[in-house]
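> Fold the following for me, if possible:
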Amino acid sequence: MRPQFSVELPVPVDEAVLRLREGLEAPELHGSSMAAGRSADLLVDRSERRVWSPRLTVRIDDSPGGSIMRCRFSPRPDVWTGFMFVYFVVVILIVFGATLGYVQQVSDQAAWGYWAVPIGLPIIACIHVAS
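Residues are numbered from 1 along each chain as shown. Predicted coordinates:
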């Protein structure tokens, strides 16, 4: 669900990492980037950063022709964890409702538990669109 792309680089991994780190040391990126090992995170400037602001995570790996830079856009980790938690809760409620509905149906009772499925699926779709 997170957009990603790759860029082939004609230089070895060590040189690509060195160039990336040199670029991140630029004054305009001060406070808007973090780097460790072969990975780096590029953030929106602090003055414009919001809870929903994306980050670009970059990782440089070996490739037969030199190296490859794999990049992924994503929200802050706590925001992404929140989305996954809501997904988990809604899926559990759908499964619980479907199970309850089945038990009610087998017991010749009104199977109102099945209502969790048509209510939960649009919620899942909305979470997916929002993410």
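
> show me the residues around Trp52 that make contact.
Contacts of Trp52 were listed using C-beta atoms under 8 Å, 6 or more residues apart in numbering, and they are Pro75, Val79. Glycine gets a C-beta too; all of them are placed from N, C-alpha and C.

> Checking it next. Helix, strand or coil?
The three-state assignment at Trp52 reads coil, by DSSP: H, G, I helix; E, B strand; the rest coil.

> next helix or strand past the helix or strand harbouring Ala16?
Using DSSP states H and E, Ala16 falls within helix 13-24. Note on helix 13-24: by DSSP H and E, the next helix or strand toward the C-terminus is strand 33-36.

> which residues touch that next one?
Leu20, Arg21, Leu24, Ala40, Asp41, Leu42, Leu43.

> Distance of the nearest residue to the third one once chain neighbours are set aside relative to Val44?
The shortest distance from Leu24 to any non-neighbouring residue, by C-beta to C-beta, 6 or more residues apart in numbering, is to Ser33 (4.5 Å). Taking C-beta to C-beta, to the nearest Å as the measure, Ser33 falls 11 Å from Val44.

> Which of the two has more residues huddled nearby?
Ranked by neighbour count (other C-beta atoms under 10 Å), Ser33 and Val44 place Ser33 first, with 19 against 13.
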